[in-house]
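# Structure, please.
(chains A and B)
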Amino acid sequence: MSHWIKWTAPAAALVSVTSAAHAVQYLSVAQAQKLAFPSATGFVEVEAGRLWKAQAGGKAIGLFVFDRVIGKHLFIDYTVALGPGGQVHRVDILQYRESYGGEVRQASWLAQFVGKTGASPLEVDRDIRNISGATLSSHHVTEGVKKILGLYGHGAR
Amino acid sequence: MASPERACAREYRPAATPAPITRRKAATLAAASRRHARAMLLASASLLAVGAAQAGDNAASSPAPATVSNEALLKKLDAMERRIKMLEGQLRQKKAAAPAAASDQRAAASARPTGPYAEAAAPVTAPATAPAASPAAAPSAPAAPPNHAILGVADSPIAGLTIGAYGEFFFGAQQNPAAGGQWQNGFDARRMVLLPTYQITDNIIFNAEIEFEHAGSGFDNDDKLHGTAEIEQMWIDFKIVDQFNWRAPGIDLVPIGWTNQHHEPTQFYSVLRPELYNGLIPSTWKVPGTSVYGTITDGLKYQVMVSASNEDFGDSFDNRTDAKTVPAPGTAYFPGIDGLNALSFSNPPLGDFEQLTNSMAVSGRLDFSPAFWPGFAGSVSAYFSPNITPRGAHDDFGNFLGHTSLTVLDGEFRYRVPNTGLELKGEYVQTIFGNPANLRANNDSDATDNVGKTMWGTSGEIAYHVPLGTILNSTWEAVPFYRYTIENLQTAGFTGTDLNAPTGAGQLQFHNIGLAVFPSPKLVLKATYQKVINRDPAGANSDSILGGVGFFF
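Presented below is the predicted three-dimensional model:
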């Protein structure tokens, strides 16, 4: 028993100190908006908590969408920024809750979505790489981006 | 848990009368048996061919990209905005008329301080110059996608609770080494696993695997069952920061190799699990343990675990004494590690303080998927226990056995060549025993199961992904594959009181060739032919032609 205490007590102490101060939310919506459209002067909320219009100098420079998909069991919070032509400008993972499959947060994997349009296949193993060990998460994020392009990817119909 | 794939190679012998493991006799395969095997193969092939008649492509046809000017975009957005405001007004009116009970329910939901199920009101406008929101302040929830959290078919009655599942069925023909290699047809509901997950908060998450093997257990003669019901995993994760998270003490999988932690049937192509995980890595290698894990940098992750040690005791649970020792000298017992089954029978007990050693093991892994090498992923991992000798361990002459350490090393890679269907995998495993003279297998009066200083195995696999198009409303994929595995469980360096007369049964080669068809990433239909070769003059007599159905959702 003393072995358990010896090994787990420091970790428990660390948890108690740090868990109140940090949450594993990698980005807030506002932070993701700023990353996606650094030149924007404002974001007009078009659909509560879900869809914003990015503006600069009184002109729309793109759309910003917040959405969730289920990874393996839990939600993945992600955002998709669309350019004026409806193409994907940037994708960010705001929160990943599960213990396995977090590789979908990798910048190199998310970068594959940039430039995709409603006409893109957006299929894992076709134009998006599968992630070994994060198969369901990579499929579901890809499906989510495809869904968003289907809804908003036509240059705001 | 004993590896069922390898368990058939071991025959029961009473603890009091140790005897060499019965060797398989020469096999003369009857022509009728071969015909049965061919029939099963054809049945498997016909199963995998299902869906040839396509039900039509229901996927939404993707429109061509629209080229719209900013002005046109603005106008359309304004129109959409007006329409949304009108709809929101209608929705508010509808909500006002809703029954009070529904309002109470929403209020209770919004009272949750954090978590994906909290429905906090969002500001109407979020200026770009606003300071970054606190990470703890969850964004307002969008219209959530359908959350069929209970086995994918029903909504969860409790926010944060989901129940997933995976499982697999096997059928086909296999040689029975205990019957001289006779081909025998059969079926196995190999496992059904329920996966409850409960998100206590955004940072504290409960996970478990509740497994039923071989259709579960039963005690009456008419039950026809001798399976198991067991807790395969049960732990609570404290998600602290990306770089450091803590998995509280529980039942968890040793972080070694790839398949041990990713053993769902959709994660590999053969019907049976890869051979390296049937002994050298005693999958499913689950232990009482606690670990920390996190991301070091993009594409590089780690996990370090402290766990109860494996133990060199492979006999019946009833043969553990009340003193938490092996049977007293004079009573023989099965080893946990031997030259025919590797580490298959050495996993520590998971319950009731029944462990036979105070030793704690340390294991760890590094996972890498470098951004500069798209499609490539791999890992290196290791396990070390300073002592796996159980309390009271002895040879067959009444002498007690001293300590020996156990080290397991693993390196593996997976490479999906970008823009092609080609996939390559490779793995190497080695075990090292600090003092093999103290292993029970070298002191059990069985000259054939002795263990040397090391064991090793390596495998290579090639697969090709072939899209089959949309069938029955989903995108199908076929993956033909071939895997070669070679293992040597009885290398040089033998020491101990036994005579040393290995038959060659511990020097193995496996050829696997087959086809896996994925109607979706959550479902796989498999067919595999496996040829097993060893250096035993009697032969391995363990070939098989199996079909399988696996799912994971």
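# Report the buried residues of the longest strand along chain B.
Ranked by residue count and defined by DSSP state E, the top strand of chain B is strand B:182-199. Within strand B:182-199, the residues that count as buried by 16 or more other Cβ atoms under 10 Å in any protein chain shown are B:182-183, B:188-193, B:195-199. To be clear about C-beta, it is placed using only N, CA and C from the backbone, and glycine gets the same treatment.
# what's the helix or strand containing B:I240 packed up against?
Secondary-structure assignment from DSSP states H and E places B:I240 in strand B:228-241. On a contact count with 3 or more Cβ pairs under 8 Å, 6 or more residues apart in numbering or on different chains; DSSP states H and E, strand B:228-241 meets helix A:2-18, strand B:204-213, strand B:244-253, strand B:286-297.
# So for it, what gets flagged as buried?
B:T228, B:E230, B:E232, B:Q233, B:M234, B:W235, B:I236, B:D237, B:F238, B:K239, B:I240.
# Export those residues to a markdown table and append columns for pLDDT.
Below are those laid out as a markdown table (pLDDT from 0 to 100):
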| residue | pLDDT |
| --- | --- |
| B:T228 | 91 |
| B:E230 | 93 |
| B:E232 | 95 |
| B:Q233 | 96 |
| B:M234 | 97 |
| B:W235 | 96 |
| B:I236 | 97 |
| B:D237 | 96 |
| B:F238 | 96 |
| B:K239 | 92 |
| B:I240 | 92 |
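# A:E143 belongs to a helix, doesn't it?
Yes. Using DSSP: H, G, I helix; E, B strand; the rest coil, the assignment for A:E143 is a helix.
# Next one: the residue lying closest to it once chain neighbours are set aside from B:L508, what distance?
The shortest distance from A:E143 to any non-neighbouring residue, by Cβ to Cβ, 6 or more residues apart in numbering or on different chains, is to A:V69 (6.8 Å). Noted for A:V69: a distance of 43 Å to B:L508, by Cβ to Cβ, to the nearest Å.
# The two - which one has more neighbours?
Legend: neighbour count by other Cβ atoms under 10 Å in any protein chain shown for A:V69 and B:L508, higher for B:L508 (25 against 21).
# can you confirm the more buried one is in a strand?
Yes. When classified by three-state DSSP, B:L508 is found to be part of a strand.
# Pull out whichever of the buried residues of strand B:182-199 are also neighbours of chain A.
Under the cut-off given by Cβ under 8 Å from any Cβ of the partner chain, chain A has B:L195, B:T197, B:Q199 from those close to it.
# which secondary structure element contains the residue in the stretch 401-550 of chain B that chain A sits nearest to?
Going by Cβ to the nearest Cβ, chain A is nearest to B:R414 of the stretch 401-550 of chain B, at 4.7 Å. Secondary structure assignment for B:R414, by DSSP H and E: strand B:406-416.
# In PDB, please show the C-alpha coordinates belonging to that strand.
Extracted as PDB, the C-alpha positions of strand B:406-416 are listed here (Å, rounded to 0.1, in the frame of the first residue of the first chain):
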ATOM      1  CA  LEU B 406      11.300  -8.600 -16.400                       C
ATOM      2  CA  THR B 407      11.900  -6.100 -19.100                       C
ATOM      3  CA  VAL B 408       9.700  -5.700 -22.200                       C
ATOM      4  CA  LEU B 409      10.700  -3.400 -25.100                       C
ATOM      5  CA  ASP B 410       8.600  -2.500 -28.100                       C
ATOM      6  CA  GLY B 411       9.000  -0.400 -31.100                       C
ATOM      7  CA  GLU B 412       6.400  -0.100 -33.900                       C
ATOM      8  CA  PHE B 413       5.300   2.100 -36.800                       C
ATOM      9  CA  ARG B 414       2.300   2.600 -39.000                       C
ATOM     10  CA  TYR B 415       2.700   4.300 -42.300                       C
ATOM     11  CA  ARG B 416      -0.200   5.200 -44.600                       C
END
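# Name the surrounding residues that touch it.
If you take Cβ atoms under 8 Å, 6 or more residues apart in numbering or on different chains as the criterion, strand B:406-416 is touched by A:125, A:129-130, A:132, B:256-258, B:280-281, B:309-310, B:337, B:343, B:361, B:375-385, B:388, B:422-434, B:465.
# ok so, going back, neighbours of the residue of the stretch 401-550 of chain B closest to chain A, how many?
So B:R414, with other Cβ under 10 Å, has 20 neighbours.
# returning to that earlier point: which SSE is the residue nearest to A:E143 in?
Element membership of A:V69, judged by DSSP H and E, is strand A:59-70.
# From the contact counts, what lies against that strand?
With contacts defined as 3+ Cβ pairs under 8 Å, 6+ apart, the packing partners of strand A:59-70 are helix A:29-36, strand A:51-56, strand A:75-82, helix A:135-152, helix B:70-96.
# partner strands of it, parallel or antiparallel?
strand A:51-56 (antiparallel), strand A:75-82 (antiparallel) (DSSP bridges).
# And the pLDDT for B:A100?
If you check B:A100, the pLDDT there is 39.
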